[in-house]
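1. Take this sequence and fold it.
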Amino acid sequence: MRRRRRDRRGVALIMVLGALTVLTVMLTEFQNETSAELSSSIAQRDALKAEYAAKSAINLSRLLIAAEPTIRKPISFMLRGVSQIKVWEYAGPVLSAFNDAENSDQFSMLASVNLAEGKNLGMEGAGFEVTIVDEDAKLNVNRAAVGGSVGVQQLAARLITLLGQPQYATLFDGEDADGQINDPQTICAAIVDWVDPNQDAALDFCNPLSETAQQTIPEDTFYQQLDQPYFRKNAPFDSLEELRMVRGVGEDFWFTFVDPDPASPDKRNWTVWGGNQINVNSATADLIWGLACDHGMGAPEHPICTDPEQAVKFLTSVGMVRNLMPGVPAFRSPKDFINALKGKGMFSLMVDITGLQPFSNFKSESTLESAVTTESKVFSVYATGYAKAGKRETRMRIHAVVDFRSAPPPGMPTQGRLEEVARMAEDAGFSAAADELRSAAQSMNVEPPEGAGEDAILSAFRPSPAGNIVYYRIH
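-> Numbers count the residues shown, from 1 in each chain. From the prediction side, this is the model:
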């Protein structure tokens, strides 16, 4: 018995150690699951905070743009004849009062005000970065989808002018990813054919030497011969990325003409959201050169359009004017822009300094004047919200395109407000006034878009002082 007891010595210790091992494994697994769930919850919480910080930046940006007339009014005596000031270029500093503590302090020093006495300012544990880009300062490649043959001709003329610059000639020498060699005329026609409503290709629209447009082969011939065939859209582009589906638009073409710097969307030359006119106060130097040398309305035979050295001087001069007048519109009207190209007014000194030859004759000065504007109505707002928790930082980015073309001036009553006041007037016994208010509200009603059912959400189409969001994407 004593020997048997000696043989069983330590069994309890082994059982205890085994139990502790099992418990340790269970506790470690439970701790890992709990930590993972906690980290996931914190990540979701911070992502939500970052998203709403970005949404706040979007709404504040809409408010800033809508308030531009109010901001311009006190300084109108300094900017006589200016129809719009570019407040969106200073969105970051102006809106920093509503940002996190660090940005709020910068606003306090900039404006010499004490934000501690304000209400509903700043954010705790979250903030945002915002950039507003003028979409009316870019070439709208959806122009061919509206305006019939006139829209097609205008887009084709502007595209072939930009693509045909001498410095880009080598870009079209090699084969693309599909083994095709595409010249500027072919790519120009492919872009036009993607959005125009007809079924036939129109290469001659992109031939500046052709006086008449002859329709040729069906548009889908090229796309149906690909390894993964598809049909061209024959409708407007929904996003800029859709351009990658068009024949000849490869990586080299994309980063040369469409989006040269993805981190700086304001350097883009093309858009799918802007209007039919280009704001020359915000347009890039390349686009201004393209307008002056447009084959349909400009002066394509001018030395600035044919001599690369003169072209570089012209682009440099545009940059100098922008640097000398930061934030101040260079042109008060389209006519002012044309006079500047002619070397008249305040730009005559710049012409003398640079030695540029002024433009004298345009193919159609009236068409050129109608193709430009000095006001912008469509804007892209890039808002990045961030939430900080210790060393962790969560970011969410929102890209929203806001259209102010039908936006009423700030302070004008909206349809909903008029209907509300009409009910109040009727309850107070003023039936006649209530009827007039309802009539005014009805006149602001917007018909649903074609194809929308009776339950369509019309509120998205009703005019608002803050504009209408026509594109919204969360990254």
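2. ok, Ala434 - contacts?
-> Ala434 makes contact with Ala422, Arg423, Ala425, Glu426, according to Cβ atoms under 8 Å, 6 or more residues apart in numbering. All C-beta atoms are positioned from the backbone trio N, CA, C, and that covers glycine.
3. So for the first one, what pLDDT did the model give?
-> By that I understand Ala422. If you check Ala422, the pLDDT there is 76.
4. Tell me which helix or strand the nearest residue to Asn99 once chain neighbours are set aside sits in.
-> In space, and not counting its chain neighbours, Asn99 is closest to Gly127: 4.9 Å by Cβ to Cβ, 6 or more residues apart in numbering. Assessed by DSSP states H and E, Gly127 sits inside strand 126-134.
5. residues in contact with that strand?
-> 49-50, 52-54, 56-57, 60-61, 64-65, 86, 88-89, 91-92, 95, 99-100, 102-103, 265-266, 268, 279, 282, 376, 378-388.
6. quick one on the thing from earlier: most neighbours among the contacts of Ala434, which one?
-> Ala422 (21 neighbours; other Cβ atoms under 10 Å).
7. how much space is there between that one and Arg438?
-> Look at Ala422 and Arg438: by Cβ to Cβ, to the nearest Å, they are 5 Å apart.
8. measure Phe128 to Gly275 for me?
-> For Phe128 relative to Gly275 (Cβ to Cβ), the value is 28 Å.
9. do the same with Val113
-> Counting by Cβ to Cβ - Val113 and Gly275 are separated by 37 Å.
10. More neighbours: which of these two?
-> Counted by other Cβ under 10 Å, Val113 and Gly275 do not tie: Gly275 has more neighbours, with 18 against 12.
11. Quick one: classify the closest residue to the more buried one other than its chain neighbours as helix, strand or coil.
-> Excluding its sequence neighbours, the residue lying closest to Gly275 (Cβ to Cβ, 6+ apart) is Asp136, at 5.4 Å. Following DSSP: H, G, I helix; E, B strand; the rest coil, the label given to Asp136 is helix.
12. ok, now which ones touch Asp136?
-> Neighbours of Asp136 in contact, by Cβ under 8 Å, 6+ apart: Gly274, Gly275, Gln277, Ile278, Asn279, Ser282, Thr373, Glu375, Ser376, Lys377, Val378.
13. Tyr52 now?
-> Tyr52 neighbours (Cβ under 8 Å, 6+ apart): Ala126, Gly385.
14. repeat that for 10 Å
-> Met123, Ala126, Phe128, Gly385, Ala387, Met396 (Cβ atoms under 10 Å, 6 or more residues apart in numbering).
15. so Cys188 touches Phe253, yeah?
-> No: between Cys188 and Phe253 there is no contact under Cβ atoms under 10 Å: 11.6 Å.
16. The two: which has the busier surroundings?
-> Between Cys188 and Phe253, counted using other Cβ under 10 Å, the more crowded position is Cys188 (27 against 20).
17. Tell me, what's the model's pLDDT at the residue nearest the centre of the chain?
-> Against the mean C-alpha coordinate of the chain, by Cα atoms, centre = their mean, the closest residue is Ser380 at 3.0 Å. Listed pLDDT for Ser380 reads 96.
18. That one: which element?
-> Judged by DSSP H and E, Ser380 forms part of strand 378-389.
19. Out of the contacts of Ala434, which two sit at the greatest distance?
-> Arg423 and Ala425 (7.3 Å; Cβ to Cβ).
20. any shared contact partners between these two?
-> Ala434, Leu437, Arg438.
21. State the distance from the first one to Pro408.
-> The one in question is Ala434. 21 Å.
22. same check, this time on the second one
-> Leu437 sits at a distance of 16 Å from Pro408 (criterion: Cβ to Cβ).
23. Compare neighbour counts for those two and give me the winner.
-> Leu437 (22 against 15).
24. Ignoring the adjacent residues along the chain, who's closest to the more buried one?
-> Closest residue to Leu437 apart from its sequence neighbours, by Cβ to Cβ, 6+ apart: Ala422 at 3.7 Å.
25. pLDDT value on Thr70, please?
-> Note on Thr70: pLDDT of 87.
26. what does Thr271 give?
-> At Thr271, pLDDT is 92.
27. what residues are up against it?
-> 133-142, 237, 240, 258, 265, 278, 378, 380, 401.
28. Next secondary structure element downstream of the helix or strand of the chain with the lowest mean pLDDT?
-> Lowest on mean pLDDT, DSSP states H and E among the helices and strands of the chain sits helix 348-354, with a mean of 64. Sequence order places helix 365-371 as the next helix or strand after helix 348-354, per DSSP H and E.
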